[in-house]
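A.B. asks: sequence-free structure coming up:
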Ligand code: SAM
Ligand code: SF4
């Protein structure tokens, strides 16, 4: 029986039972925030059954690799990580399990390909982890079926595990109903299911009660949320919680960017002025082949409305270079879009053909689906990233001399330094003692240096 817990039940103790043996779990996470959040839930679930986190894989009784399947490189990274963990299994009988999107896509194949993997499970089976660990003593298996949307219960976060932290992820929905032709996510994460709004708000309330100040609502396509209200209403309900100071969310599809959501950015100051709005390409022809459902003009119209609603908002994006049939002109259009939008930052990738996707089925089938040679795609990516580095550096340089509000997240990289983020999500380092700027405090910092990807400054007060 899966251990699914509804909100409203008393929290389960995370501590081991008295006298019970303590087993240690090491989690290696690849990929997005959804995976990071799933990994936290897995550790919490095991924590209710006598498990403790291991700092190193060599100390673990169970190694869990939580995978990403978005690009092929992720697959190679998984195989090389598993190769490293193999010796621990041989030496101390460590159980090795593979979770996440690649597990879902590969199923039993992964057990055949990697004989020292003990079990494999997809995202819908996360809550059964303690039972699966027990089962692994008897057999090797793959659990990758889907749960009915009506039956699915979101694993509850354990607020106690977040005590002492300034920020936390809260799952708002899972899956994706879109059909972007490059993307494997609908295949690995299944149909969209929204978590009931009451559960989301209650989890945020519980997190704020243990000191969390900033919540990030997450989902593959979070702005298409439909958990009893729309996404804009959900944001307002979370914002009404007195203990929550900052709200973020990720990630959003441009065609679900509603007027109501834009109005929330204008009116609700707790919703931080940062929006990740992946565009993928600056060419309408490429966007149509990607099945993105918007043109560049439509994207920019929404982009402009967001900027008008919240002047100074930092808008970030994703680009793919070398999508099938992308011509030099198509790529130049992506560069022009980058210049026009002056994105605060962007994440860009070379197109990676993925199984079970529309684009891979059509690759090479017609001139407009011609494969872009890898060296051409890589050269385009480098130009895109070089331009973005200049734009990001100039966005950061514009903050020099200003005073920014920083939510302190914890120690910086060096002794005597602290680290936190501005409302626009820029990373800031500043010299201070832990008691001057504890995690969760809102500090005022004067920016004295702007680097390529972060700011540093002097503490002015709180
Ligand atoms: N749901 C988000 C959206 O609609 O924009 C994106 C989620 S996806 C996991 C994150 C990013 O990975 C995408 O925005 C895209 O740029 C990139 N990506 C996805 N599939 C890819 C592929 N096959 N090759 C290269 N990049 C890919
Ligand atoms: Fe993938 Fe498109 Fe869904 Fe984003 S919206 S997860 S890119 S299919």
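C.D. replies: Right, received. Where do you want to start? On a predicted model such as this, the values are computed, not experimentally measured, just so you know. Ligands and ions are numbered 1, 2, ... in the order given.

A.B. asks: and the stretch 251-400 of the chain, which residues reach ligand 2?
C.D. replies: Contact residues (CB under 6 Å from any ligand atom) of the stretch 251-400 of the chain with ligand 2: residue 253. Just so you know, the C-beta spots here come from the backbone N, C-alpha and C atoms, and that holds for glycine as well.

A.B. asks: for the stretch 251-400 of the chain, give the residue positioned nearest to ligand 2.
C.D. replies: Taking CB to the nearest ligand atom, ligand 2 has its nearest neighbour within the stretch 251-400 of the chain at residue 253, 4.7 Å off.

A.B. asks: OK, contacts around the nearest residue to residue 230 once chain neighbours are set aside?
C.D. replies: Distances taken as CB to CB, 6 or more residues apart in numbering put residue 260 closest to residue 230, at 6.3 Å, once the chain neighbours are dropped. Residue 260 is in contact with 230, 232-233, counting by CB atoms under 8 Å, 6 or more residues apart in numbering.

A.B. asks: just name the closest of the residues you listed to residue 355, please.
C.D. replies: Ranked by distance to residue 355 (CB to CB), the contacts of residue 260 are led by residue 230 at 33.7 Å.

A.B. asks: that closest one contacts residue 256, doesn't it?
C.D. replies: No - Residue 230 is beyond contact range of residue 256, at 9.7 Å (criterion: CB atoms under 8 Å).

A.B. asks: how about the residues of the stretch 151-300 of the chain near ligand 1?
C.D. replies: So the stretch 151-300 of the chain meets ligand 1 at 182-183, 185, 220-221, 251, 253, 278, 280 (CB under 6 Å from any ligand atom).

A.B. asks: flag every residue of the stretch 1-150 of the chain that's near ligand 1.
C.D. replies: Within the stretch 1-150 of the chain, the positions lying close to ligand 1 (CB under 6 Å from any ligand atom) are 32, 70-71.

A.B. asks: can you add secondary structure and neighbour count and give these back as CSV?
C.D. replies: Shown next, in CSV, are these (DSSP: H, G, I helix; E, B strand; the rest coil; neighbours: other CB atoms under 10 Å):
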residue, secondary structure, neighbour count
32, coil, 18
70, coil, 19
71, coil, 19
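
A.B. asks: least confident of those residues?
C.D. replies: Of all these, residue 32 carries the smallest pLDDT score, 90.

A.B. asks: contacting residues around it?
C.D. replies: By CB under 8 Å, 6+ apart, residue 32 lies in contact with 68, 70, 251.

A.B. asks: excluding chain neighbours, what is closest to the first one?
C.D. replies: Nearest non-adjacent residue to residue 68, counting by CB to CB, 6+ apart: residue 31, 2.8 Å away.

A.B. asks: quick check: pLDDT value at residue 462.
C.D. replies: Residue 462 is assigned 89 on the pLDDT scale.

A.B. asks: tell me where the stretch 101-250 of the chain has strands.
C.D. replies: 119-121, 141-143, 167-171, 173-174, 193-194, 214-218, 246-250 (DSSP state E, counting those that start in this stretch).

A.B. asks: may I have the strands that pair with the first one, each with its orientation?
C.D. replies: Paired strands of strand 119-121, with direction, are strand 95-100 (parallel), strand 141-143 (parallel) (DSSP bridges).

A.B. asks: mean confidence for that strand?
C.D. replies: 98.

A.B. asks: quick one: that strand to chain centroid distance?
C.D. replies: 22 Å (CA atoms, centre = their mean, to the nearest Å).

A.B. asks: show me the contact partners of that strand.
C.D. replies: Residues outside strand 119-121 that contact it (CB under 8 Å, 6+ apart): 95, 97-99, 103, 106-108, 110-111, 128-129, 132, 135-136, 140-144.
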